[in-house]
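1. Model the structure of this input:
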Amino acid sequence: MEIERKYLIHTLPENLENYPHHIIEQGYLSTEPVVRIRRDNDEYILTYKSKGLMVREEYNLPLTKDSYMHLREKIDGRLIIKKRYLIPLSNELTIELDIFGGDLAPLMLAEVEFPDETSANSFTPPKWFGEDVTFSGEYHNSRLSRI
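-> I've put the predicted structure just below:
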């Protein structure tokens, strides 16, 4: 189960370069249901996600590099490329700040995953977060891949 809130970002936090980051590329084999492939540095993953906005089922399966490269040729829409920073927020929570590249630049989104819906619903975002777009499907990566 994935429980997350998503926010537009207009101003980057201070000292961003001090946080670890990953280079991610991902594409979608299907958007209904969501079937995604992702390369996260040197890790390759196939993901299925159910319908939903803040709460949805998510299943991840490992892929080999060869399998990923084969499936990458079959994606619908654009291949999304982004730099993801991991910013600790508390002992339990981490901000995943995505800075998109290519024709999606200068889009920036932050996601925070929660252990339960109560935590997600009571969350107060940092001041540098912009608009809460959790309940707008417009900013799902599967939708961004099709624009």
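2. mind listing what's buried in the longest helix along the chain?
-> Here the longest helix in the chain is taken by residue count, with DSSP state H as the criterion, and it is helix 65-72. For helix 65-72, burial by neighbour count (16 or more other CB atoms under 10 Å) applies to 68, 71-72. Using the backbone N, CA and C atoms, a C-beta is placed for each residue, glycine as well.
3. possible to save those residues as a markdown table with pLDDT and distance to residue 117?
-> Below are these laid out as a markdown table (pLDDT from 0 to 100; distance: CB to CB, whole Å):
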| residue | pLDDT | distance to residue 117 |
| --- | --- | --- |
| 68 | 98 | 33 |
| 71 | 98 | 33 |
| 72 | 97 | 34 |
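4. possible to save the residues you listed as TSV with distance to residue 18?
-> Compiled in TSV, those are given as follows (distance: CB to CB, whole Å):
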residue	distance to residue 18
68	30
71	35
72	32
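5. out of those, who's nearest residue 49?
-> Sorting the buried residues of helix 65-72 by distance to residue 49 puts residue 71 at the head of the list, at 16.1 Å, by CB to CB.
6. got the contact list for the closest one?
-> Taking CB atoms under 8 Å, 6 or more residues apart in numbering as the contact definition, residue 71 lies against 27, 29, 37, 46, 63.
7. How much space separates it from residue 28?
-> Distance from residue 71 to residue 28, counting by CB to CB, to the nearest Å: 10 Å.
8. anything in contact with each of the two?
-> Shared contacts of residue 71 and residue 28 (CB under 8 Å, 6+ apart): residue 37.
9. circling back: can you tell me which of the buried residues of helix 65-72 is closest to residue 57?
-> residue 71 (20.9 Å).
10. Quickly note the distance from the closest one to residue 101.
-> With the distance defined as CB to CB, residue 71 ends up 21 Å from residue 101.
11. Residue 7 bridge partners, please.
-> Listed by DSSP bridges, the beta-bridge partners for residue 7 are residue 110, residue 132.
12. How about residue 49?
-> Each beta-bridge partner of residue 49 is listed here: residue 34, residue 58, as defined by DSSP bridges.
13. show me where this structure has helices.
-> Under the criterion DSSP H, the chain contains helices at 65-72, 117-121, 141-144.
14. What residues of the last one count as buried?
-> Along helix 141-144, the positions that meet the burial threshold by neighbour count (16+ other CB under 10 Å) are 141-142, 144.
15. Fine by me, thanks again.
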